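Undergrad: Mind folding the following:
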Amino acid sequence: MAEPTTIRHTAPMQVMGPDGPRFGDYVGLTPVLQPPGAEGLPGQRQIAGFLRHKRWMYTFAANEEILVTAAIVDAGPTGTTFLTVADRRTGHLLADISRPGGTRPMVSVNAHPGEGHRSRYRMPGSDVSMKTVDGILSVRAKIGSPVGLPAIGAPAVELDLHFDITAQPPLTVISDLDTDPPAVSTTGKNAALPVNGRVVIRHAGLLHAFDFADAVGGFDYTSGFLPRHTQWRWAYLTGHLADDRLFGLNLSADFSGLQARARENSVWLDGTLHAIDPDAQISYDPAAPEKPWHITTSDAVVDLEFTPIGVHRESLNLGLVRSHFLQPVGEFRGSVKVAGQTLEVDGMPGVVENQDVLW
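TA: Numbering: from 1, shown residues only. The predicted model follows:
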């Protein structure tokens, strides 16, 4: 069995070096994760760059009561925001909201994954913002009826969450995608971060209010010139182990142009970031994504089963733009071997994902 190794390089200050992109995986956040692309070029190449450049900020947080996800996606000619709130005690989704549509400037994600991050989605009935100041990532959302009237048949949600992004070592990855034409993807991620705040849901005359204390979470910031047909599978979990140590795991599988070269596959443990096998497998029944998913690595370091609480789905077919997106939220059980230890994971909150998009 291959023993995981600690990622040892410090994140560069810039993506580009004298000989091109600084491909690799690093500890720390590169201040500006702007991949080299078509900016400043004339005509069709500039238009192609605009169409291919995708950016998003995704956040995840959970405590013993609830699990919350929120994302803002700037996909160039279009954008979206989505969020979910799951009640871990009852095993039900309290909210599952997606707001596709809108373009810049109504949807924006800047090039800063850490300090100075700004992203926003603002459309009728939806105002979601994320910003980082002095090491605190604040996620605020107010989503109700698109026509400004009380939501009927759908929940209205207010979020006010705060992540201490300095509490754990973050990960930066600069990847070369073996695609035609070649592409570059950059990402910054973190896990096992303390989170506090408040979540309020109004639905069918009922009010659900949660003071979000003792929560753990993380984020996924990505900016890349991705291939027209992009697909991947993803698993992410974070929380406390039985001995109360903070733990996080990020796994990517089958990313277009990377396949078994996913440098982002990592474990956070005891304040240290460890690299793990880039060859991961995330399997599920496409006809029944609500059934358990299975997550492994080729070296048997990771062996997990994921049980969904609920499944967030998005499907779009606009001819030239098509997507099929699944992101169940739920809990993981199994084992992860890292730093000479076998860690047992039992009921740890997280998400899995299958993305297949033509954009």
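Undergrad: In three-state terms, how would the closest residue in space to Leu246 that isn't next to it in sequence be classified?
TA: Among residues not flanking Leu246 along the chain, Ala192 sits closest, at 3.9 Å (Cβ to Cβ, 6 or more residues apart in numbering). C-beta coordinates here come from the backbone N, C-alpha and C atoms, glycine included. Put simply, Ala192 is strand when judged by DSSP: H, G, I helix; E, B strand; the rest coil.
Undergrad: now swap in Gln168 and tell me
TA: Per three-state DSSP, Gln168 ends up coil.
Undergrad: I'd assumed Val311 was in contact with Leu326.
TA: Yes. The criterion here is Cβ atoms under 8 Å, and Leu326 meets it with Val311 at 6.2 Å.
Undergrad: Please identify every residue contacting each of the two.
TA: Common contact partners of Leu326 and Val311 (Cβ atoms under 8 Å, 6 or more residues apart in numbering): Pro289.
Undergrad: Which helix or strand contains Lys142?
TA: Assigned by DSSP states H and E, Lys142 belongs to strand 136-143.
Undergrad: which other helices and strands contact that strand?
TA: strand 79-87, strand 126-133, strand 156-164 (3 or more Cβ pairs under 8 Å, 6 or more residues apart in numbering; DSSP states H and E).
Undergrad: So which of these is the most surrounded?
TA: Most buried of these, by mean neighbour count (mean count of other Cβ atoms under 10 Å): strand 79-87, with a mean of 24.
Undergrad: the inter-axis angle of that strand versus strand 126-133?
TA: Strand 79-87 and strand 126-133 are oriented at 90 degrees to each other (axes from the mean of the first three to the mean of the last three Cα atoms, to 10 degrees).
Undergrad: Show me the strands in the stretch 201-350 of the chain, by range?
TA: 206-225, 229-240, 246-253, 266-269, 272-275, 280-283, 293-297, 302-317, 322-338, 341-358 (DSSP state E, counting those that start in this stretch).
Undergrad: Strand partners (parallel or antiparallel) of the fourth one?
TA: Put plainly, it is strand 266-269. strand 246-253 (antiparallel), strand 272-275 (antiparallel) (DSSP bridges).
Undergrad: and these as CSV, adding mean pLDDT?
TA: Listed next are the strands paired with strand 266-269 as CSV, based on pLDDT from 0 to 100:
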stretch, mean pLDDT
strand 246-253, 97
strand 272-275, 94
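Undergrad: For Val73, find the nearest of those.
TA: strand 246-253 (16.9 Å; Cβ to Cβ).
Undergrad: In the sheet, which residues pair with the spatially closest residue to Trp268 that is not a sequence neighbour? Tell me.
TA: Distances taken as Cβ to Cβ, 6+ apart put Gly248 closest to Trp268, at 3.7 Å, once the chain neighbours are dropped. Beta-bridge partners for Gly248, by DSSP bridges, are Thr238, Trp268.
Undergrad: wait, what's in contact with Gly248?
TA: Counted by Cβ under 8 Å, 6+ apart, Gly248 has contacts 168, 190-192, 218, 236-238, 267-269.
Undergrad: same thing but 7 Å
TA: By Cβ atoms under 7 Å, 6 or more residues apart in numbering, Gly248 lies in contact with 191-192, 218, 238, 267-268.
Undergrad: re earlier: any idea which of the strands paired with strand 266-269 is most buried?
TA: Most buried of these, by mean neighbour count (mean count of other Cβ under 10 Å): strand 246-253, with a mean of 25.
Undergrad: Going by neighbour count, which residues of stretch 194-205 are buried?
TA: 194-197, 199, 201-202 (16 or more other Cβ atoms under 10 Å).
Undergrad: neighbours of the closest residue to Asp220 other than its chain neighbours, just the number please.
TA: Excluding its sequence neighbours, the residue lying closest to Asp220 (Cβ to Cβ, 6+ apart) is Tyr58, at 4.3 Å. Tyr58 has 22 neighbouring residues, counting by other Cβ atoms under 10 Å.
Undergrad: Could you check how far Tyr58 is from Val73?
TA: 8 Å (Cβ to Cβ, to the nearest Å).
Undergrad: Same question for Pro21.
TA: Taking Cβ to Cβ, one finds Pro21 at 23 Å from Val73.
Undergrad: which one of those two has more residues nearby?
TA: Shown here are Pro21 and Val73; by other Cβ under 10 Å, Val73 has more neighbours (20 against 17).
Undergrad: so what's that one bridging to?
TA: The partner residues for Val73, given DSSP bridges, come to Trp56, Thr80.
Undergrad: need the helices for the stretch 1-150 of the chain, in chain order.
TA: 43-52 (DSSP state H, counting those that start in this stretch).
Undergrad: Flag the shaky bits of it, pLDDT-wise.
TA: Across the stretch 1-150 of the chain, the ranges flagged by pLDDT under 70 are 1-8, 37-51, 145-150.
Undergrad: sorry, back to before: the strand holding Lys142 to strand 126-133, inter-axis angle?
TA: Using the same axes, to 10 degrees: strand 136-143 against strand 126-133 is 170 degrees.
Undergrad: can you give me the angle strand 136-143 makes with strand 156-164?
TA: Using the same axes, to 10 degrees: strand 136-143 against strand 156-164 is 180 degrees.
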